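[1] predicted model and sequence follow; I will ask about them next.
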Amino acid sequence: MGQHIPEEILLKIFLCFELPFTAGHTLAASETSTSLKTLSAITRCSRDFLRIAQPILYKTLYVHSITQCCHLLEVFKRQPALGLHVRHLQVSKAYQITSGATIDKWIEGFEGLSPAELQRRPLWVELQNHTLDDFRHRCAQGKVSVLLIFLQNLEELDLCLGRHHEPISTLFQIVTKDINTYQARLPSSGTPLARLIARLMSTLRFSNLRTVVLSHSSSERTLDRLDATMIPSILRLPNLQALSVKKVSWLTGPTPRLYEAPRLQRLEVDFTQVQMRALLLLLHHCTGIRSLKVTVYEDENGITMTRYLLGQIGATLRHLGYIHLEELDISGLYVPVRGGFDHVFGSLRGLKNLKRLRIAVQDLSGERVHWPKNPHDILTLYDGRRVMNLNAELPLSLESIHFQLRRLDYGLENRYTHNQVAYMITNASRASLREVRFEDPTGYMYIERHGGRNSWRLRGTTNVHALFCWAYAALIQRLNNAT
């Protein structure tokens, strides 16, 4: 049948079973099994079907367990050319080692040695003075590292890190020439697998890798530590465009040397106060960023970011002239006390291409003792001074604003926010503003423009105080009646 149907049509049919891939979003094994089984059956129909469908089958890989990882390694050892088809890889829970006997069976296949013999030899990193459980985790990470070596054309990598991730860090350092293969303590070259790895490593550059997402499987609300050398090595990848570091603290010692990353356009990092210097250096080296998302976590001592450090981020963005920045997201798990300063983050007026902003109101306007005494007065303080005029300090290019609030009620703080928003959406110079969203830890509400120039509507109210909702409903009704 394949001889009577043009290959272009067969390709379109087979692409219907291609697995979707979005870095940072996990697909369960049950969601991928149907497409994989279908494509696998297609490849067994004929040689023509095999030639067309095989690149689609291996284009996107989801690794949900160490069993899958070892199976893929066996396939690529027999046919290394199949690794060239892989463009997207997500490793979600390959490090959850639950059975020592099971992992020992897989370890035994490496260099033909038993676990007891292999434990006495260097495997990517120094293994002395470690428990057998640590050794098993290192071997699991080593398996994933070896898997990456076969994927010469990888474009997107989503990697959930586990315990002892030194093998993966070592791999990136070798690729970017930060260390050589001798320093990495690679396996000896006496076995076929070791010779194959050495040959692949000589050509491995990850030159097509555009997106890297690093996360951690821990469910705790503090960051897990990451080898400080991994991020600088990843930043040296020639065509890196997006980097996301979630739930991991990648600076635990002296600030490492960072390199220019001119192609980096999207940066998403979780960090604590001790990493602030590294974050500021990173912003200095990546001035072409279009999307910046920063999440603040408590450090090991329970300390969050201070108002001074928050102001340093704003000052850095203004000083370097982030004219390409289109999305800015500053958020945190905890709301720190920031004292009585106005303009904590500072003016964003100079970010002339900024389209989407997500930030806490107090990060822009300061401590709530500075809210207006008269709720109908937009800018007058208790002592007669003036508070921050959000309309004057935010760029006119904004299309969407997400305000993070302590509570979605109609307290004094939110009356100030209400008056500021009312002033902005009625301002003729803000024709590009399409949406204003309000959110707290438990609920959200947003208003959006529709139809005419000053026509707005209230949408998506969840866990919102009745007075808060009523205030914006009344504002929208007045606007719509006026038009």
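    Nice, thanks for sending it over.

[2] any idea how far Thr60 is from Ser92?
    13 Å (C-beta to C-beta, to the nearest Å). Placement of C-beta: from N, CA and C, glycine included.

[3] oops, could you answer that again for Ser291 instead?
    23 Å.

[4] the more surrounded of the two?
    For Ser291 versus Thr60, neighbours defined as other C-beta atoms under 10 Å are more numerous around Thr60 (21 against 17).

[5] what sits against that one?
    The contact partners of Thr60, by C-beta atoms under 8 Å, 6 or more residues apart in numbering, come to 18-21, 86-89.

[6] please repeat the previous calculation with a cut-off of 7 Å.
    If you count contacts by C-beta atoms under 7 Å, 6 or more residues apart in numbering, Thr60 has them with 19, 21, 87-88.

[7] for it, grab phi and psi.
    Here is the backbone geometry of Thr60 (degrees, to the nearest 10): phi -120, psi 120.

[8] for Thr295, same thing?
    According to degrees, to the nearest 10, Thr295 has phi -120, psi 130.

[9] what helix or strand does the nearest residue to it once chain neighbours are set aside sit in?
    Distances taken as C-beta to C-beta, 6 or more residues apart in numbering place Asp270 nearest to Thr295, at 4.6 Å, with adjacent residues excluded. Per DSSP states H and E: Asp270 is located in strand 266-271.

[10] also Leu479?
    helix 466-482.

[11] quick one: contacts of that helix?
    By C-beta under 7 Å, 6+ apart, helix 466-482 touches 408-410, 414, 418, 422, 426, 445, 447, 454-458, 461.

[12] so which bits of that helix are buried?
    Buried residues in helix 466-482, counted by 16 or more other C-beta atoms under 10 Å: 468-469, 471-472, 475-476, 479.

[13] same deal with stretch 265-275?
    Those would be 265-273, 275, for stretch 265-275 by 16+ other C-beta under 10 Å.

[14] pick out the most distant pair among the residues you listed.
    The largest separation in the buried residues of stretch 265-275, counting by C-beta to C-beta, is between Gln265 and Gln273 at 26.7 Å.

[15] okay, the buried residues of stretch 265-275 in CSV with distance to Leu325 and pLDDT next?
    Listed next are these as CSV, based on distance: C-beta to C-beta, whole Å; pLDDT from 0 to 100:
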residue, distance to Leu325, pLDDT
Gln265, 10, 93
Arg266, 11, 93
Leu267, 10, 91
Glu268, 13, 90
Val269, 15, 86
Asp270, 19, 81
Phe271, 18, 74
Thr272, 23, 71
Gln273, 23, 66
Gln275, 21, 71
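
[16] looking at these, spot the one nearest Ala28.
    Closest to Ala28, out of all of the buried residues of stretch 265-275 and judged by C-beta to C-beta, is Glu268, at 23.1 Å.

[17] you'd agree that closest one is up against Ser244?
    Yes: taking C-beta atoms under 7 Å as the definition, Glu268 is a contact partner of Ser244 at 4.0 Å.

[18] can you give me the helices in the stretch 351-483 of the chain?
    Using DSSP state H, counting those that start in this stretch, the helices of the stretch 351-483 of the chain run over 361-365, 390-393, 412-425, 466-482.
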